[in-house]
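Participant: Give me a 3D structure for the following:
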Amino acid sequence: GFPECEYKAPYVVKTGAICPKCGGDLIERKGRKTGKVFYGCVNYPTCDFVAWDRPLTLPCPECGGLLTQPNGKAEAACVSCGALVAGVAEGQPQVVGHRAPAAERPRRARRASSDGAAAAAPRRTATRATGTRSATTKRTTTKRTTTTRAKTAKATTSATTAKTTRATRATTTTKARSATKARTSSTTAKRATTRKAMEPAAS
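Facilitator: Have a look, this model is predicted:
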């Protein structure tokens, strides 16, 4: 016993129904990936019986098989003969119709057939080609926009530089002209002063 023995039995939720394949108890299980509840045999993996709808303890009134009832449905269905049974909740089961048994109903194809896969391959290729073209067009447009902006910025810089250069040259020319005019005026004034100073001495 504990604490010498640390064995832990798994927690099992029994439904009270009997497996139609091997006669074992049907218990509640959960999928590892999805977590969805389903019902399987306690003797798994020896017995692989599985039911997605809740199994009932009442047998089918027509063949004595296992009845399962989907959530939210008033009618139960037999997995053996496909009989639709009403009045299960009241304990008075009555057959009200039939459907194909679970073993005869076609299963949904999880994977596409070879023809479907071959037909889907061109679509995937076309989609990838369209995506590649779109990406290439986008990169080309971005590159053109960047180049245009660079050219515009370069032209603006060149125009600004040229304008600044012209303004600088004009300012320099104006200053030179003013300096030349000032020197000329100074020279003229000196000459006039020299003449006036020389006139009395000559007389």
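Participant: so how far is residue 31 from the spatially closest residue to residue 46 that is not a sequence neighbour?
Facilitator: Distance criterion CB to CB, 6 or more residues apart in numbering; nearest residue to residue 46, sequence neighbours excluded, is residue 22 at 7.2 Å. In this view, the C-beta of every residue, glycine as well, is placed from N, C-alpha and C. Distance of residue 22 to residue 31, computed by CB to CB, to the nearest Å: 22 Å.
Participant: Of these two, give the one with the bigger neighbour count.
Facilitator: With neighbours defined as other CB atoms under 10 Å, residue 22 and residue 31 compare such that residue 22 has more, 13 against 9.
Participant: gap between the more buried one and residue 45?
Facilitator: When CB to CB is applied, the distance between residue 22 and residue 45 equals 12 Å.
Participant: the helices in this structure, which residues?
Facilitator: 114-202 (DSSP state H).
Participant: Output the below-cut-off pLDDT ranges for it.
Facilitator: For the chain, the stretches flagged by pLDDT under 70 are 1, 9-10, 101-132, 134-138, 198-203.
Participant: can you rerun that using 50?
Facilitator: The chain contains residues with pLDDT under 50 at 112-121, 201-203.
Participant: Can you give me the buried ones in stretch 186-193?
Facilitator: Judged by neighbour count (16 or more other CB atoms under 10 Å), stretch 186-193 contains no buried residues.
Participant: from the middle of its chain, how far away would that stretch be?
Facilitator: 92 Å (CA atoms, centre = their mean, to the nearest Å).
Participant: same deal with stretch 77-93?
Facilitator: 45 Å.
Participant: quick one: buried residues of that stretch?
Facilitator: Result for stretch 77-93 [16+ other CB under 10 Å]: buried residues 77, 78, 79, 80, 81, 82, 83, 84, 85, 87, 88, 93.
Participant: That one: end-to-end distance?
Facilitator: Counting by CA to CA, to the nearest Å, you get 11 Å between the two ends of stretch 77-93.
Participant: closest to residue 191 among the buried residues of stretch 77-93?
Facilitator: Ranked by distance to residue 191 (CB to CB), these are led by residue 77 at 132.6 Å.
Participant: I'd guessed the closest one sits against residue 52; true?
Facilitator: No: here residue 77 lies out of contact with residue 52, judged by CB atoms under 8 Å, at a distance of 11.5 Å.
Participant: Distance of residue 57 relative to residue 7?
Facilitator: For residue 57, the distance to residue 7 (CB to CB) stands at 30 Å.
Participant: the more surrounded of these two?
Facilitator: Per other CB under 10 Å, whichever of residue 57 and residue 7 has more neighbours is residue 57, with 12 against 5.
Participant: For the more buried one, which residues are in contact?
Facilitator: 15, 16, 17 (CB atoms under 8 Å, 6 or more residues apart in numbering).
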